[in-house]
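Peer 1: Sequence first, then the predicted structure:
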Amino acid sequence: MASLPLPVLLHAPFSYHRAPTLSRTAISPQSTRLAAQSYHSHANARLRTSAQADELRSHAAALQDCAVRRALRCGQELHARLLRSKLQPDTFLLDSLLKMYCKCGRLLDARRVFDGMPHRDVVAWTAMVSAHAAAGDSVEALNIFRQMIQEGLDPNGFTLASVLKACSVCSHSKFTHQVHGQVIKLQGLDDPYVGSSLVEAYTSSGEVDAAETVLLGLPERSDVSWNALLNEYARRGDYRRVMQVFDKLAESGDEISKYTLPTVLKCCMELCLARSGQAVHALVIKRGLETDNVLNNCLIEIAMISSFGRHDMAWEAFDLFVKMADMGVIPNQYTYVGVAGVASRTGDAKLCRSVHALIVKSGFAMQKLLADAILNMYVKVGAVQDATVAFHLMREPDTFSWNTFLSGFYSESNGEQGLRIFKQMTCEGFSANKYTYVGVLRCCTSLMNLRYGTQVHARVLKSGLQSDTDVSRMLLDMYVQSGCLTSACLVFDQLKERDAFTWTVIMSGYAKTEESEKVIEYFRSMLQENRRPNDVTLAVSLGVCSDMASLGSGLQLHSWAIKSGWNSSVVSGALVDMYAKCGSITDAERLFYESETHDQVAWNIIICAYSQHGHGYKALDAFRQMVDDGKRPDDITFVGVLSACSHAGLLDEGRKYFKLLSSVYGITPTMEHYACMIDILSKAGRLVEAESLINMMPLAPDSSIWRTILGACRIHGNTEIAERAAEKLFELEPQDVSSSILLSNIYADLGRWGDVNRLRNMLLDHGIKKEPGCSWIEINGQIHVFLSQDGYP
């Protein structure tokens, strides 16, 4: 039996299958030659395949080198050589070619390669996601990632990190949450790079609470993640939170980076935490960083500049800045951030413009950190036009930049512009976070724009932020200020945690309505939930007792204040006002003089209290004591003084104090001052002089002015002036029946019954009816309201 050639056996493929049993039949020479030729052809094919594989690997390695060196021309030449050759590229080679174009920034060429790949593995998808994220096209990066998931491929750690970077660029909160779900599903948090990227994605979208939760739950935390979280809290001005997170960093045993220390030192200065600052300084020395140029030559200067600004020593801070330049210390971007912060505390817009010019000259103006600092500087000094210019000069504004810009338009005069900024922000694709909604809701509150506020509320519900404490508080305040207490109650009832602020807001809303008795009910409910009221809560509750003359409830509140050790000027003033309006002027007087110090508000309260009770001379005596005490009277003080002169019939004193109002204290008389002076003249029978004063007023007289003189006309029987006053009242308030009834009573007193009937017929023709009288009574701590038409039970 002839044997097979040895070379063929050596090159035969290894098989785990059983070899076939050779036949004992003799093999012919022709069969042997055919078999040998067959084996040789298979061997040559295997050699050619091995050579092609080596060539493919060689090309792949060359393309990878081009990608590392960003050698686009070399990579294009290799691509052209591949196209001319007869090589069939495998997936590895195509991945290398794709990554070369991605690394060189040729996204269109990369897309052509990607679309032509017969099999796209996770490497190809990751390269495309990473390339678009690096190019700033985060929307396309997210779309590519979405397509990858739809095709059933599981992302790896690099894919997850790349798509999270895209989420960071566009601050896409919802997509970040979805990727977070993928990370948990694939156990990606074990990868430090993925965990760090997730923390950065949450911080960039403003969800610092979520970022902190993720960071603290990571098995391995990087200094980049810690710095991202600390810097975001610092940018928001939440310096206390920075210190709390830094304490957690120190307790965790993780390495504290030298780049963390500037942020922490700045927060120590902002919060005036001298001991904490010394501890950080000790850490700098312990780490051997005292010779570091950044820390040694810049951080101390930044800290001193911030400290001067914190203590209203702005010019000393600028002197230090000049000395730094004279000593040859070159300011960096952090130094300019500190200078911008100091300038913002001066309130001087011109100084801020000078600082801005200096930063532009330094070449740092376009850096994100400084651009945000410049914007914040203009916003804080109220220079909204300069802030608008600074914002539009920013290259890549993010959600934080938009929020800072929006914060400059909270006031009523700029609120409309704030709403337009919010609309523009959403139209440009930026995701609103909790701080955005807090800002736009403040604009709605200042404008009392309920229609826009409800639209913002709808967006809050869609974003899932309705449970956030800050957003809920602003929604509650918006509805209360807009007078929509029904919606306010719904928001209030859905609050998970109701603090003193939220209780006070809902109570202050009801205090302005005809259901003010609910304020006392809310106060009792607040105590039942073990929530401690603050000064404003007590003042609002006492104010309701004052308006309703509910002495019983006022006594209970006073008793609670004493037991709780309350001793603030706000509460003391509210108590004095409550006792005075409830008819107990003796208790009001005693409480006032028991207080050791009296501010302007306290003096105004006691003067008005004496006035309301007809103690004119005591009110004037209190006014003199106030002046002797060094307190300057304001417009409210003179309302009380003039009212006292009116109640006591002090004509000459009234004229004197009305002149003092403007000649000595420079106060422009308001409608209330004119009303008091006209009341003084009217009660003294000087109706002609009173009418002359009305005609000489620089203000258009309102109904209270004409009603005052009309009431005096009945006392003095002056029908001529009464008819003119009644005519003016009917023009101002055509639906108010009181002026016509008062004029009818004047006619009746004079026996002019024909005029009485004429007035009554006129009222009937106009369909005007007298509103029923309203009364209330307090029984066992409960206030019961009823109308005259209700009858008796």
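Peer 2: Thanks, I have it.
Peer 1: Relative to Trp402, how far out is Cys427?
Peer 2: According to CB to CB, to the nearest Å, Cys427 stands 12 Å off from Trp402. From N, CA and C alone the C-beta is placed, and that goes for glycine too.
Peer 1: ok but Asp382 is inside a strand, no?
Peer 2: Actually, residue 382 is Gly. It isn't Asp. No - counting by DSSP: H, G, I helix; E, B strand; the rest coil, one finds Gly382 to be coil, located in no strand.
Peer 1: quick one: contacts for it?
Peer 2: Contact analysis of Gly382 by CB atoms under 8 Å, 6 or more residues apart in numbering lists Gly347, Ala349, Gly408.
Peer 1: My guess is Ala511 contacts Gly543. True?
Peer 2: Yes - between Ala511 and Gly543 there is a contact at 6.3 Å, judged by CB atoms under 8 Å.
Peer 1: What's the PyMOL line that selects buried ones from the contacts of Gly382?
Peer 2: Here is the PyMOL command that picks out the buried ones among those, judged by 16 or more other CB atoms under 10 Å:
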select buried, resi 349+408
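Peer 1: With secondary structure, pLDDT and distance to Ser569 added, can I get the contacts of Gly382 in JSON lines?
Peer 2: Below are the contacts of Gly382 laid out as JSON lines (DSSP: H, G, I helix; E, B strand; the rest coil; pLDDT from 0 to 100; distance: CB to CB, whole Å):
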{"residue": "Gly347", "secondary structure": "coil", "pLDDT": "85", "distance to Ser569": "27"}
{"residue": "Ala349", "secondary structure": "helix", "pLDDT": "91", "distance to Ser569": "34"}
{"residue": "Gly408", "secondary structure": "helix", "pLDDT": "90", "distance to Ser569": "33"}
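Peer 1: Need the mean per-residue confidence for stretch 600-607.
Peer 2: For stretch 600-607, the mean pLDDT works out to 92.
Peer 1: Hmm, I typed the wrong one, I wanted stretch 184-199.
Peer 2: For stretch 184-199, mean pLDDT rounds to 87.
Peer 1: Could you list the low-pLDDT ranges of the stretch 301-450 of the chain?
Peer 2: Scanning the stretch 301-450 of the chain for pLDDT under 70 picks out 301-313, 327-329.
Peer 1: and if you look at the stretch 451-600 of the chain?
Peer 2: The model of the stretch 451-600 of the chain has no residue with pLDDT under 70.
Peer 1: Repeat the analysis, applying 90 as the threshold.
Peer 2: Counting by pLDDT under 90, the stretch 451-600 of the chain has low-confidence residues at 462-470, 483, 494-499, 512-517, 529-532, 534-535, 547-553, 561-573, 583, 593-599.
Peer 1: all helices for it, in order.
Peer 2: For the stretch 451-600 of the chain, applying DSSP state H, counting those that start in this stretch gives helices covering 469-481, 485-494, 500-511, 517-528, 535-547, 551-563, 569-581, 585-594, 600-612.
Peer 1: what do you get for the stretch 101-250 of the chain?
Peer 2: Remark: helices assigned in the stretch 101-250 of the chain by DSSP H, counting those that start in this stretch are 107-116, 122-134, 138-150, 157-170, 173-185, 192-204, 208-217, 223-235, 239-252.
Peer 1: for the fifth one, the distance to its chain's centre please.
Peer 2: If I follow you right, that is helix 173-185. When distances are taken as CA atoms, centre = their mean, to the nearest Å, helix 173-185 is centred 25 Å away from the chain's centroid.
Peer 1: circling back: Cys427 and Trp402 - which one has more neighbours?
Peer 2: Trp402 (27 against 8; other CB atoms under 10 Å).
Peer 1: Can you check what angle separates the strand or helix carrying the more buried one from helix 223-235?
Peer 2: In the assignment (DSSP states H and E), Trp402 maps to helix 399-406. For helix 399-406 against helix 223-235, the angle by axes from the mean of the first three to the mean of the last three CA atoms, to 10 degrees is 10 degrees.
Peer 1: Make sure I have this right: Cys267 is in a helix.
Peer 2: Yes - read with three-state DSSP, Cys267 is one of the residues of a helix.
Peer 1: ok, it touching Arg241?
Peer 2: No - using CB under 8 Å, Cys267 makes no contact with Arg241, being 9.1 Å away.
Peer 1: More neighbours: these two, which one.
Peer 2: When Cys267 is set against Arg241 and neighbours are counted by other CB under 10 Å, the residue ahead is Cys267, at 25 against 19.
Peer 1: quick one, what contacts the closest residue to Ser257 other than its chain neighbours?
Peer 2: Excluding its sequence neighbours, the residue lying closest to Ser257 (CB to CB, 6 or more residues apart in numbering) is Asp223, at 3.7 Å. Contacts for Asp223 were tallied using CB under 8 Å, 6+ apart; they are Asp254, Glu255, Ile256, Ser257, Tyr259, Thr260.
Peer 1: can we see that at 10 Å?
Peer 2: Ser196, Leu249, Asp254, Glu255, Ile256, Ser257, Lys258, Tyr259, Thr260 (CB atoms under 10 Å, 6 or more residues apart in numbering).
Peer 1: Just the buried residues of the residues you listed.
Peer 2: By neighbour count, with 16+ other CB under 10 Å, the contacts of Asp223 hold Ser196, Leu249, Asp254, Ile256, Lys258, Thr260 as buried.
Peer 1: quick check, the fourth one in a helix?
Peer 2: If I follow you right, that is Ile256. No - counting by three-state DSSP, Ile256 is not part of a helix but coil.
Peer 1: List the residues that contact it.
Peer 2: Ile256 makes contact with Asp223, Trp226, Asn227, Phe246, Leu249, Ala250, Val264, Val280, Leu283, Arg287 under the criterion CB under 10 Å, 6+ apart.
Peer 1: which SS class is the closest residue to the fourth one other than its chain neighbours?
Peer 2: Translated: Phe246. What sits nearest to Phe246 in space, not counting adjacent residues and going by CB to CB, 6+ apart, is Val264, at 5.2 Å. Using three-state DSSP, the secondary structure recorded for Val264 is helix.
Peer 1: what about Val264, distance to Val199?
Peer 2: Distance of Val264 to Val199, computed by CB to CB: 18 Å.
Peer 1: residues contacting Phe400?
Peer 2: So Phe400 contacts 171, 203-206, 232, 235-236, 368, 372, 375-376, 433, 435-436 (CB under 10 Å, 6+ apart).
Peer 1: Just the local confidence number for Ala211, please.
Peer 2: 89.
Peer 1: That one: neighbouring residues, count only.
Peer 2: If you count neighbours by other CB under 10 Å, Ala211 ends up with 24.
Peer 1: That one and Ile562, how far apart?
Peer 2: Using CB to CB, which is the criterion applied here, Ala211 is 46 Å from Ile562.
Peer 1: Check Ser130 too.
Peer 2: Distance from Ser130 to Ile562, counting by CB to CB: 68 Å.
Peer 1: Those two: which is more packed in?
Peer 2: Using other CB under 10 Å, the more surrounded residue of Ser130 and Ile562 is Ser130, with 22 against 11.
Peer 1: Tell me if I'm right that the more buried one and Val169 touch.
Peer 2: No - contact criterion CB atoms under 10 Å: Ser130 and Val169 do not qualify, at 12.0 Å.
Peer 1: can you list residues touching both of the two?
Peer 2: Taking CB under 10 Å, 6+ apart as the criterion, Ser130 and Val169 both touch Ala141.
Peer 1: thinking again about what came up before, find the residues that touch each one of Ala511 and Gly543.
Peer 2: With contacts defined as CB under 10 Å, 6+ apart, the residues shared by Ala511 and Gly543 are Val519.
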